[in-house]
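J.: based on what follows, work out the 3D shape:
(one chain, ligands or ions: 1)
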Amino acid sequence: MSATIASNLVAGERLTGGAGSVRHNINPATGQPISEAPLSNTDAAERAVQAARAAYPEWAATPVGDRVQPLFRYKQILEANVDELAKIIVAEHGKTTAEAIGSVRRGIDCIEFAAGAPALTMGRTLPQIAVSSSFCRTQDEGGVGIDSQIDRVPVGVCVGITPFNFPVMVPMWMWPMAVACGNTFVLKPSEKDPLSSIRATEMAHDAGIPKGVLNLVQGGPDVVNHLIKHPEVDAVSFVGSTRAGEYIYKTAAAHGKRVQCMCGAKNHSIIMPDANRGAAIDGVLGSAFGNSGQRCLAGSVVVCVGDSADWLIPGLVEAASAIKVDRGDAPGCGMGPMQDMEGKERVHEAIEKGVEQGATLVLDGRQHQMPSCGCFVGPTIFDHARPGMFIVDEEIFGPVLTIIRANDLEDAIEMVNKSRYGNMAVIFTDSGNAARKFKSTIGAGMLGINVGVPAPMAAFPFSGWKQSFYGDLHANGEDGVRFFTRSKVTVARWL
Ligand code: NAD
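T.: So this is what the prediction gives:
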């Protein structure tokens with residue numbers, strides 16, 4: 001089977017080739033070649049920035065009501081073609097078909113929200129903020145009224161750098177709102193699964209997003225560096241690992257860009273003894289093993305309070321053992337492979353470290369019944385782990401669930417708050433008092449109460465804290481609107 005060469009889309013033109021190295025990607029379920037992504041074609045990146053800059057003045061001047069019309073059409077196109085996109089996602093990422101369809105639907109939510117830009121980007125006015133008595137009229141004659149007004153205006157050329165784990169959804173956290181606000185955009189998707197975002201971008205052009213307004217350029221760190229240091233780029237939105245995000249935040253900010261970086265995570269689920277057992281087992285299972293654990297909102301550490309471990313662990317082991325691990329489009333598949341061989345090796349290494357450091361391996365995903373080809377690893381569960389161990393502290397980004405134990409809620413909250421990450425935390429409890437204490441003292445930005453994954457919703461900011469986020473304004477919701485607009489304040493008097 002031959003691999004598809006991942007193209008760039010610059011001002012609507014498909015560009016392939018160019019100098020530099022290439023990443024060879026496989027279908028992670030079969031091990032067969034699927035795509036080749038150019039890594040360092042900075043010429044294409046340069047052309048994409050120039051195309052976005054050239055398209056900017058006319059697009060920024062287009063009435064917002066006209067700018068959002070293609071988004072309404074795009075939503076319809078995506079809904080009609082969700083299966084086509086899901087097939088590409090399954091083939092190059094390995095998700096199950098249901099997960100792939102779900103991820104496109106969450107992307108559509110972002111388009112719907114961005115289509116509300118006429119209301120979302122409205123300014124505010126405070127008339128008669130002061131009275132001036134100079135020049136024409138005296139105070140006695142009423143003076144001259146001074147009005148103050150704030151407008152939200154576009155930022156300019158925006159760049160989006162995205163990870164492999166949601167190749168269609170994550171770009172939609174960025175560009176629909178950016179272009180609805182009047183900016184032009186250059187998307188740099190992950191080099192690990194570049195095909196889905198090419199197809200999704202072509203569909204956006206079919207919907208009428210002008211071609212220079214949305215550009216796509218393939219590449220790795222060389223291309224990212226070209227984009228984030230470029231004098232014609234005004235804002236950079238990044239989603240990916242903490243290591244890359246911290247670097248991109250510092251470098252782009254040092255080059256004068258507005259930056260938001262949504263980064264890595266190690267998320268905790270606290271299980272209280274009074275929790276609804278079925279809901280807790282289901283919630284933890286979905287959170288830890290959904291998308292094969294390759295989610296920034298994977299609840300990969302469970303903190304069992306009191307005797308909750310006595311019923312939680314047997315329930316989890318039984319349910320996880322029954323998950324069908326197979327290619328994502330196989331009937332009844334509950335968990336697909338890791339996205340690439342490096343991912344599979346990373347998980348194997350993490351399991352070895354967990355054993356070496358003394359945690360108890362209660363379910364070994366290496367022994368799960370699953371296809372022998374490709375990048376498969378089954379659900380893995382460790383018990384009796386402790387903070388300080390690799391499997392407790394570090395993001396594995398795979399189907400490894402680690403259980404630690406706490407005496408009481410205070411103890412559990414203290415353990416969670418020691419994490420250097422703060423993307424998400426969850427509690428399962430029947431007690432309003434415990435839930436309230438959790439909500440008010442936990443150091444994370446996305447909280448779940450009896451919900452396994454408090455997933456990002458288009459209307460709310462995705463609020464990671466600590467080393468899960470660098471910047472000020474998050475993606476989505478009101479933060480997204482503010483990130484992709486500048487405020488302009490006018491104070492006026494008419495003499
Ligand atoms: P990654 O950081 O390896 O890659 C993300 C993007 O950054 C890619 O486009 C890549 O080309 C680029 N990149 C990577 N290293 C770079 C470098 N040294 N210099 C410049 N650019 C670089 O991340 P990934 O493996 O694709 O995705 C998994 C990570 O993303 C996990 O850590 C996960 O938690 C995180 N993630 C976070 C969120 C969130 O909202 N917080 C959402 C999804 C994924």
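
J.: burial check on residue 92, number of neighbours?
T.: By other C-beta atoms under 10 Å, 26 other residues sit near residue 92. From N, CA and C alone the C-beta is placed, and that goes for glycine too.

J.: so what's the nearest residue to it once chain neighbours are set aside up against?
T.: By the measure of C-beta to C-beta, 6 or more residues apart in numbering, the closest residue to residue 92 outside its immediate chain neighbours is residue 193, 4.2 Å from it. Applying C-beta atoms under 8 Å, 6 or more residues apart in numbering to residue 193 gives the contacts 25, 35, 89, 92, 93, 164, 167, 339.

J.: out of those, which touch the ligand?
T.: Among the contacts of residue 193, the residues within reach of the ligand (C-beta under 6 Å from any ligand atom) are residue 164.

J.: with secondary structure as added columns, please give the contacts of residue 193 in TSV.
T.: As requested, the contacts of residue 193 are exported to TSV (DSSP: H, G, I helix; E, B strand; the rest coil):
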residue	secondary structure
25	strand
35	strand
89	helix
92	helix
93	helix
164	coil
167	coil
339	coil
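
J.: returning to what we had before: A strand includes the residue nearest to residue 92, no?
T.: No: looking at residue 193 with three-state DSSP, it is coil, so not inside a strand.

J.: pLDDT score for it?
T.: Note for residue 193: predicted pLDDT of 98.

J.: by contact count, what packs against the helix or strand harbouring residue 118?
T.: Taking DSSP states H and E as the definition, one finds residue 118 inside helix 117-120. On a contact count with 3 or more C-beta pairs under 8 Å, 6 or more residues apart in numbering; DSSP states H and E, helix 117-120 meets helix 64-67, helix 477-483.

J.: and those helices: which comes nearest the ligand?
T.: Nearest to the ligand, of all the helices and strands packed on helix 117-120, is helix 477-483, at 12.4 Å by C-beta to the nearest ligand atom.

J.: using CSV, list the CA coordinates for the longest helix anywhere in the chain.
T.: Secondary structure of the chain read by DSSP state H shows that its longest helix is helix 42-61. In CSV, the C-alpha atoms belonging to helix 42-61 read as follows (Å, rounded to 0.1, in the frame of the first residue of the first chain):
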residue,chain,number,x,y,z
THR,A,42,9.7,26.5,5.5
ASP,A,43,9.1,27.8,2.0
ALA,A,44,5.5,26.6,2.2
ALA,A,45,5.2,28.1,5.7
GLU,A,46,6.5,31.4,4.3
ARG,A,47,4.0,31.3,1.4
ALA,A,48,1.2,30.5,3.8
VAL,A,49,1.9,33.5,6.1
GLN,A,50,2.2,35.8,3.0
ALA,A,51,-1.2,34.4,1.7
ALA,A,52,-2.8,35.0,5.1
ARG,A,53,-1.3,38.5,5.3
ALA,A,54,-2.5,39.4,1.8
ALA,A,55,-6.1,38.2,2.6
TYR,A,56,-6.3,40.0,5.9
PRO,A,57,-7.3,43.6,5.0
GLU,A,58,-10.3,42.6,2.9
TRP,A,59,-11.4,39.8,5.3
ALA,A,60,-11.1,42.1,8.4
ALA,A,61,-13.2,44.7,6.5
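
J.: tell me the mean pLDDT for it?
T.: Helix 42-61 comes out with an average pLDDT of 97.

J.: same question for stretch 310-325.
T.: The average pLDDT within stretch 310-325 is 98.

J.: of all the contacts of residue 193, which comes closest to the ligand?
T.: Of all the contacts of residue 193, residue 164 has the smallest distance to the ligand: 4.1 Å, by C-beta to the nearest ligand atom.

J.: phi first, then psi, for the closest residue to the ligand within the stretch 151-300 of the chain.
T.: Nearest residue of the stretch 151-300 of the chain to the ligand: residue 240, at 2.6 Å (C-beta to the nearest ligand atom). Per-residue torsions, residue 240: phi 170, psi -150 (degrees, to the nearest 10).

J.: quick one: residues contacting the residue lying closest to it once chain neighbours are set aside.
T.: Nearest in space to residue 240, with sequence neighbours left out and distances taken as C-beta to C-beta, 6+ apart, is residue 163 at 4.2 Å. Shown in contact with residue 163 (C-beta under 8 Å, 6+ apart): 170, 190, 239, 240, 241.
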